[in-house]
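# Attaching a predicted model along with its sequence, questions to come.
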Amino acid sequence: MTNTAQPRGRRRGKDDGGPRARFSDLLPYLLEHKKVLAFVIVLSVLGAAASLAQPLLVSQVITLVTNNQSLSGLVWALVALVVVSGLISGFQHYLLQRTGEGVVLSSRRKLVRRMLNLPIREFDVRRTGDLVSRVGSDTTLLRAVLTQGLVEAIGGSLTFVGALIAMLIIDPVLLGLTVLVVGVSIVVVVLLSARIRVASRKAQEKVGDLAASVERAITAVRTVRAANATDREVAAVEKDAEGAWQMGIQVAKISALVVPVAGIAMQVAFLTVIGVGGYRVASGATSIASLVSFILFLFLMILPLGQAFGAFTSVNSALGALGRIQEIINLPIEGQTDRDDVPLHVRGAAAGVGAGAGASDGAGFGAGAFDAAAVELAVEFEAVEFAYAEGAVPGDGSVDARGDLSGPGTPATASPAAASPAAASPAATAGGVAATPADSLPGGTARAGGGSDPSAIGARESLATLGSRATGGPGIQSTTVLRGVSFSVPRGKRIALVGPSGAGKSTILALIERFYDPTSGVIRVGGIDIRALDRQELRSQIGYVEQDAPVLAGSIRSNLLLATPDATDEQCTAVLGAVNLLEVLERSPQGLDAPVGEEGVMLSGGERQRLAIARALLAAPPILLLDESTSSLDGLNEQMLREAIDAVAENRTLIVIAHRLSTVVDSDLIIVLDHGSVVGVGTHSELVVSTPLYRELAKRQLLV
Ligand SMILES: Nc1ncnc2c1ncn2[C@@H]1O[C@H](COP(=O)(O)OP(=O)(O)OP(=O)(O)O)[C@@H](O)[C@H]1O
């Protein structure tokens, strides 16, 4: 399905332009099990020896029969050989299956660990279903490398060589003919291998597409059903399923060419040996016993050849899938693309933060750990510019740690020298917002210019252009979302961000969480440039309730314990009481263990939001970020929730986004955003007078 509603992720232009893996990429996965594999290879060698011994014994049998001598000893030896070969082969099979599962497990572990640590930007451009499919489906192909013959082929190669030597001794002429036939088959298989690899990778990509469209349809099933779009979605998913089927058929066709090659080689070699060998026996050039043992060795030689061809096919299929796995594993994780040009004195201060930041007593950042005056400001934005990178970025799997993901926040980011010239330009300062700490007003407010000033609009446009240029590398498009945003949030205050949809309010919270880095400008938390803070440390100081207040599948308890795994049942119950959610507990005899359904679907919208807020409150961080956290609440619940937040918010800094001004009119400070710029800062009564946009919003909501 061509899913235009979601980003398609990194697409490839050409068939063979996708992520590639070499055999050497597979080795680390195999080497993790080197002891077992070495043991299996020893077993293979023993098995090969047992196999090689059989034709020799058979040859002996023929000689003894011809000479009318007793066979009993030899027969017992043959029986023992067959039994031992069987046991070895069974044990070997089990060990290989087991190791194959081990390879799948370790690849899944690596992949998931990497995936969940990727920068948020990666999740903006990739499809969830495709990522899930890489973990679930691509990894299973690695198993086939071991279970479908690679190790047997290694052991088998000994049989192959042993048989070859024996055949050389028995009849070099017949061997020459055999090698000719076998050589042709090997060339054919090698030629087909590259096509198998490409087809296999494309088949896995199609499976990824399929998983992505199934995921899309299922997650939006209510919307799809309500829009009477079920049949169309089914058709779209079916189309993707057909795409996967077609590529599967493609793989089957190429494999079908490989599989019979060994069989054909064997038959041709066998017929040739029988024909030429029979002639040679008739002419007295060789004996019947030699011909029979030559033919048995021929079988022994061809058998591992079949295994080798099978192994070759499965390794090439696996390499197709491994390319997709490695594409993710090779991506830089969050933090790896950071520039280390944060001024040293800032880093030094940050070192002190760690010690105090762990204390989440709500008193603020690491009291006493660094300059107390700086701590007075919980959050500061200074001339922050930001643009999301948009659109698909072609990648080959070996993404340059500094280049590809940079977008906003890397090359043009951190150093003051690298800040967008427009951000510091007089036009920007005059037209939009206060750009330097010196411009901050006492009490932590920021000076706001006239957002409706035409010159400011002009400045914004040029900033947008510059921001885009600064941000986007080749292939990356970006639109400036925040333009020279400056404001300060004093510790312990309640701040509201308001403004029209798309003004950039949620983006500000995402930047405080450091999901993205600004294109230019500085964000400080507790007086520290957040680029100098460890992300975990930073986030442990912040409670964040997203706009869609996500609730994870699982129980109420697992949702609450997400950020605070050690919280007691009493603490959980108390925080649920604080957000008026005790009723949900009473509803089910399972209490805290009551399931909430996929994405919390068994809860109402308001309950989901309150549960998410309860989760944030339970962690009791010094700073709380609430994104439209009261939008799904009825009047009564909203009132209760506000009281709860007010109670918990004591001594904490609260930054709240709300569309309904009624929920934020009593904030200590309201910051008004429009098109990514701060157009007003003040209290409700100040803004009604000073900021036309705010007055308009308030008027529409019957607040003035
Ligand atoms: N992940 C993203 N990738 C690309 N663009 C984005 C992303 N998130 C937001 N945007 C864009 O950034 C702009 C600001 O979005 P943001 O969500 O910050 O606005 P908002 O003020 O919170 O809006 P709302 O009140 O409707 O939630 C919008 O134009 C939006 O399309």
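Okay, I see it. What you are looking at is a predicted structure, and each value in this text was computed from that prediction instead of being measured.
# what ranges of the stretch 201-350 of the chain fall below the confidence cut-off?
Residue ranges of the stretch 201-350 of the chain with pLDDT under 70: 337, 339-350.
# OK, now which residue of it is nearest to the ligand?
Closest contact between the stretch 201-350 of the chain and the ligand, by Cβ to the nearest ligand atom, is at residue 334 (14.9 Å). (C-beta placed from N, C-alpha, C; glycine too.)
# residues touching that residue, list them.
117-120, 535 (Cβ atoms under 8 Å, 6 or more residues apart in numbering).
# from the residues you listed, which would you call buried?
Neighbour-count burial (16 or more other Cβ atoms under 10 Å) applied to the contacts of residue 334 gives 118-119.
# The contacts of residue 334 in helices, which ones?
The helices, defined by DSSP state H, take in 120, 535 from these.
# residues from the protein in reach of the ligand?
For the chain, the residues in contact with the ligand (Cβ under 6 Å from any ligand atom) are 124, 388, 390, 481, 499, 501-507, 547.
# between those residues, which is nearest residue 661?
residue 499 (10.8 Å; Cβ to Cβ).
# how much space is there between that closest one and residue 81?
83 Å (Cβ to Cβ, to the nearest Å).
# Comparing those two, which shows the higher neighbour count?
The residue with more neighbours, out of residue 499 and residue 81, is residue 499; 25 against 16, by other Cβ atoms under 10 Å.
# Quick one: residues contacting that one.
505, 672-674, 679, 693, 697.
# Recalculate using a threshold of 7 Å.
By Cβ atoms under 7 Å, 6 or more residues apart in numbering, the contact set of residue 499 is 505, 672-674.
# What sits closest to it if chain neighbours are left out?
Nearest non-adjacent residue to residue 499, counting by Cβ to Cβ, 6 or more residues apart in numbering: residue 673, 3.6 Å away.
# My reading is that the one you found lies in a strand. Confirm?
Yes. Applying DSSP: H, G, I helix; E, B strand; the rest coil, one finds residue 673 inside a strand.
# That one: neighbouring residues, count only.
Neighbours of residue 673 (other Cβ under 10 Å): 27.
# next one: residue 112
15.
# Does it touch residue 132 like I think?
No. If you go by Cβ atoms under 7 Å, residue 112 and residue 132 don't touch, sitting 10.3 Å apart.
# Which single one of the contacts of residue 499 is nearest to residue 646?
Among the contacts of residue 499, and counting by Cβ to Cβ, the member closest to residue 646 is residue 505, at 21.1 Å.
# Distance check, that closest one against residue 675.
Distance from residue 505 to residue 675, by Cβ to Cβ: 12 Å.
# Tell me which of these two has more neighbours.
Using other Cβ under 10 Å as the criterion, residue 505 and residue 675 rank with residue 505 on top: 26 against 19.
# Relative to residue 496, how far out is the more buried one?
Taking Cβ to Cβ, one finds residue 505 at 10 Å from residue 496.
# re earlier: report the two of the contacts of residue 334 separated the most.
Counting by Cβ to Cβ, the most remote pair of the contacts of residue 334 is 118 and 535, 13.1 Å apart.
# Residue 544 is in what secondary structure piece?
Secondary structure from DSSP states H and E places residue 544 in strand 542-545.
# Ignore what I typed, I meant residue 338.
For residue 338, there is no helix or strand it lies in under DSSP H and E.
# How many neighbouring residues does it have?
17.
# which SS class is residue 69?
Assignment for residue 69 (three-state DSSP): coil.
# Likewise for residue 501?
Applying three-state DSSP: residue 501 is coil.
# out of everything not next to it in sequence, what's closest to it?
In space, and not counting its chain neighbours, residue 501 is closest to residue 659: 7.9 Å by Cβ to Cβ, 6+ apart.
# Over to residue 145?
Distances taken as Cβ to Cβ, 6+ apart place residue 318 nearest to residue 145, at 4.6 Å, with adjacent residues excluded.
# OK, contacts around that neighbour?
26, 141-142, 144-145.
# same thing but 8 Å
26, 141-142, 144-145, 200.
# Show me the strands in the stretch 1-150 of the chain, by range?
Secondary structure of the stretch 1-150 of the chain by DSSP state E, counting those that start in this stretch: no strands are present.
# Which stretches in the stretch 151-300 of the chain count as strands?
Going by DSSP E, counting those that start in this stretch, the stretch 151-300 of the chain shows no strands.
# So which bits of stretch 610-620 are buried?
By 16+ other Cβ under 10 Å, the buried positions in stretch 610-620 come out as 610-620.
# what distance separates the lengthiest helix in the chain from the middle of the whole chain?
Counting residues, the longest helix in the chain under DSSP H turns out to be helix 230-282. With Cα atoms, centre = their mean, to the nearest Å as the basis, helix 230-282 stands 34 Å off its chain's centre.
# Can you classify residue 678 by secondary structure?
Strictly by three-state DSSP, residue 678 counts as strand.
# do residue 482 as well
Residue 482 ends up strand, using three-state DSSP.
# distance of it from residue 547?
17 Å.
# quick one: which of these two has more around it?
residue 482 (27 against 15).
# Quick check: pLDDT value at the more buried one.
With respect to pLDDT, residue 482 scores 95.
# Sticking with the nearest residue to it once chain neighbours are set aside, tell me its helix or strand.
Closest residue to residue 482 in three dimensions, ignoring its sequence neighbours and counting by Cβ to Cβ, 6+ apart: residue 386, at 4.1 Å. Assigned by DSSP H and E, residue 386 belongs to strand 377-390.
# Tell me, how many residues neighbour residue 518?
Residue 518 - counted by other Cβ under 10 Å - has 30 other residues nearby.
# What is the three-state secondary structure of it?
coil.
# For the ligand, see how far away it is.
Counting by Cβ to the nearest ligand atom, to the nearest Å, the gap between residue 518 and the ligand amounts to 13 Å.
# how would you label residue 497: helix, strand or coil?
Going by three-state DSSP: residue 497 is strand.
# Which pLDDT does the model give it?
pLDDT, residue 497: 94.
# and what of residue 150?
Value for residue 150, per-residue pLDDT: 69.
# oh, and call the first residue 697 from now on, that's how I've got it
That works, and once the first residue is 697, the last one we named lands at residue 846.
# Name whatever forms a beta bridge with the residue of the stretch 997-1146 of the chain found nearest the ligand.
Nearest to the ligand in the stretch 997-1146 of the chain, going by Cβ to the nearest ligand atom, is residue 1084, at a distance of 3.3 Å. As for beta bridges, residue 1084 partners with residue 1175 under DSSP bridges.
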